[in-house]
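**Student:** Just to be clear, the model below is a prediction. Sequence and coordinates:
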Number of protein chains: 2
Amino acid sequence: MSDFAINLKDKLARFTDHWSPRVIAEMNDYQFKLAKVQGEFVWHAHADTDEVFIVIEGSLVLEFRDKAVPLSAGEMYVVPGGVEHRPVAVDECSIMLVEPRGVVNTGDAGGAYTAENDVWV
Amino acid sequence: MSDFAINLKDKLARFTDHWSPRVIAEMNDYQFKLAKVQGEFVWHAHADTDEVFIVIEGSLVLEFRDKAVPLSAGEMYVVPGGVEHRPVAVDECSIMLVEPRGVVNTGDAGGAYTAENDVWV
């Protein structure tokens, strides 16, 4: 049990690459991850779980097949399990993801954006 | 599925009472709750689950029997299941809690601070 809080901006300062989530905390079998994103991600879905996006710095758009939801710093969204989505950020955006341990960033899509899982910062 | 993001500060503006968490989102069987706190809460533990504190505005101290962990805006902490803790805030502080649906704010302690559960804002 740590003597110190987890500072989100301090953790974000420790990496620069995009679309590569870093785990910062675990609660039961869930993980809190930070990521920096810019550009268009791949369309994908997570069949077995919802996924929470919280914007820490900047802004992004969560694209769905039937709509687009803009998120700015201090805003969050729950992507329901099984629903195809694609995050898009014109400028660099820092986000926190909350999801069960083991969820892969590209879900069912795979491909070049697939990041190593369970990397801590 | 909402067309809009959840704005944390907009949600916080909708209530003023202390120690009374409001649910703002669900992910699988977990809930995200906002609360305003000030003063000393009761010592309690949640036997069956970890609990995440994220400070949105202000600062607080998470007191444990063997230490005290200060948290400011942009910082988070995971209180392990079964560990006695007591949040203390000199000035008003706004927090987000993440925990399984059904967790009561006073855990095993009960008493006057026990808030109605599953109240949404």
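**Tutor:** Received, thanks.

**Student:** just the strands in chain A please.
**Tutor:** Per DSSP state E, chain A carries strands over the ranges A:6-7, A:22-27, A:30-40, A:51-57, A:59-64, A:68-72, A:75-79, A:85-100.

**Student:** Of the ones you listed, which is nearest B:N7?
**Tutor:** When those are compared by C-beta to C-beta, strand A:75-79 sits nearest B:N7, at 5.0 Å. C-beta here means a position set from N, CA and C on the backbone, and glycine is covered the same way.

**Student:** Between strand B:30-40 and the closest one, find me the angle.
**Tutor:** 150 degrees (axes from the mean of the first three to the mean of the last three C-alpha atoms, to 10 degrees).

**Student:** how far is strand A:75-79 from where the chain is centred?
**Tutor:** 10 Å (C-alpha atoms, centre = their mean, to the nearest Å).

**Student:** That strand near chain B at all?
**Tutor:** Yes. Shown here: strand A:75-79 in contact with chain B (C-beta under 8 Å from any C-beta of the partner chain) through A:75-78.

**Student:** Closest to chain B out of those residues?
**Tutor:** Of all the residues of strand A:75-79 next to chain B, chain B sits closest to A:E75, with 3.9 Å by C-beta to the nearest C-beta.

**Student:** Excluding covalently adjacent residues, which one is nearest to the closest one?
**Tutor:** B:A5 (3.9 Å; C-beta to C-beta, 6 or more residues apart in numbering or on different chains).

**Student:** Include mean neighbour count and mean pLDDT when you put the strands of chain A into TSV, please.
**Tutor:** Output for these, formatted as TSV (neighbours: other C-beta atoms under 10 Å in any protein chain shown; pLDDT from 0 to 100):
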stretch	mean neighbour count	mean pLDDT
strand A:6-7	17	98
strand A:22-27	20	98
strand A:30-40	20	98
strand A:51-57	21	98
strand A:59-64	18	98
strand A:68-72	16	98
strand A:75-79	22	98
strand A:85-100	19	98
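
**Student:** first vs last residue of stretch A:109-121, how far apart are they?
**Tutor:** Across stretch A:109-121, the terminal residues are separated by 25 Å (C-alpha to C-alpha, to the nearest Å).

**Student:** is it up against chain B anywhere?
**Tutor:** No. Stretch A:109-121 stays clear of chain B (C-beta under 8 Å from any C-beta), getting no nearer than 13.4 Å.

**Student:** So for that stretch, mean pLDDT?
**Tutor:** Across stretch A:109-121, pLDDT averages out at 95.

**Student:** in it, what's buried?
**Tutor:** A:109, A:113-115 (16 or more other C-beta atoms under 10 Å in any protein chain shown).

**Student:** One more: stretch A:1-20?
**Tutor:** Within stretch A:1-20, the residues scored as buried using 16+ other C-beta under 10 Å are A:5-6, A:8, A:11-12, A:18-20.
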